[in-house]
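> 3D, please:
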Amino acid sequence: GVTRLLQAAWWSPQYRLSGPQAYAQLLNFKYPQMQKIAAQNLGAFVGGGVGLLALLKASGAADVDIDPRSTDFGKIRVGDFRANFWGSQQLLARSIAQAATAQKFDVGLGAVKPIKRGDVVFDYFRSGLAPEWSLIYDILKGENYIGQDVELDFDEFMDRVAPIAIQDTVEAYQAGGPLA
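As a prediction, the model looks like this:
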């Protein structure tokens, strides 16, 4: 039913909703034990993660962005290498911080910009669209998720719609020609 419809439009809808659902258990007043377990899990996850990232930053072993409004929030950077320690939870944490402050830190500009709270919520769910649906939305809007103009050409179409195996085959052919 509904799950199949969501899976057609969204990239892994259950996974996208699992973060907010887990944190919603903090508001589960009907079952105080669930609230307690959710609070313990959240505290351990955030506390452990912040501790590790602070240690990396303080030691100089890695650069870590600690502004939760930034797209690079919590990411570990060593030279050109970047690691997203938080995984999908980084997007949720950043979205919450941006919605709460009505601001986002634009890494490209190096400055804080105002943002509409409703746009933050919309963008959180938009980022989970399946590739073909995000392409349709981007064409209608005229820009992609990060604000770049969308020009529908063959390469853009292939990058967004073709299965990765086909993309890799085309890329290998372009790089080395047909195999003998």
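> Any stretches of this structure with poor pLDDT?
By pLDDT under 70, the low-scoring segments of the chain are 1, 3, 5-13, 179-180.
> Please, where are all the helices along it?
Ranges of helices within the chain are 2-9, 13-24, 32-59, 88-101, 117-126, 131-141, 154-161, 164-176, based on DSSP state H.
> Go through those helices and name the closest to Arg77.
helix 32-59 (9.7 Å; Cβ to Cβ). The C-beta positions use only the backbone N, C-alpha and C, and glycine is treated the same way.
> doesn't Gln90 make contact with Gly49?
No: taking contacts as Cβ atoms under 8 Å, Gly49 lies outside contact range of Gln90: 9.7 Å.
> Quick check: neighbours shared by these two?
Gly74 (Cβ atoms under 8 Å, 6 or more residues apart in numbering).
> Quick one: closest of the helices of the chain to Ala111.
That would be helix 88-101 among the helices of the chain, by Cβ to Cβ, at 14.1 Å.
> Please state the backbone phi and psi of Pro163?
Taking degrees, to the nearest 10, you get phi -60, psi 150 for the backbone angles of Pro163.
> ugh, typo on my part, it should be Ala61
phi -70, psi -30.
> With adjacent residues omitted, what lies nearest to it?
Val78 (7.4 Å; Cβ to Cβ, 6 or more residues apart in numbering).
> got CSV for the helices of the chain, with distance to Arg82 and mean neighbour count too?
Shown next, in CSV, are the helices of the chain (distance: least, Cβ to Cβ, whole Å; neighbours: other Cβ atoms under 10 Å):
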stretch, distance to Arg82, mean neighbour count
helix 2-9, 29, 11
helix 13-24, 21, 14
helix 32-59, 13, 13
helix 88-101, 11, 18
helix 117-126, 21, 15
helix 131-141, 22, 15
helix 154-161, 21, 13
helix 164-176, 21, 10
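> wait, which of those helices is closest to Pro68?
Among those, helix 88-101 sits nearest to Pro68 (Cβ to Cβ), with 3.6 Å.
> Which other helices and strands does the closest one contact?
helix 13-24, helix 117-126 (3 or more Cβ pairs under 8 Å, 6 or more residues apart in numbering; DSSP states H and E).
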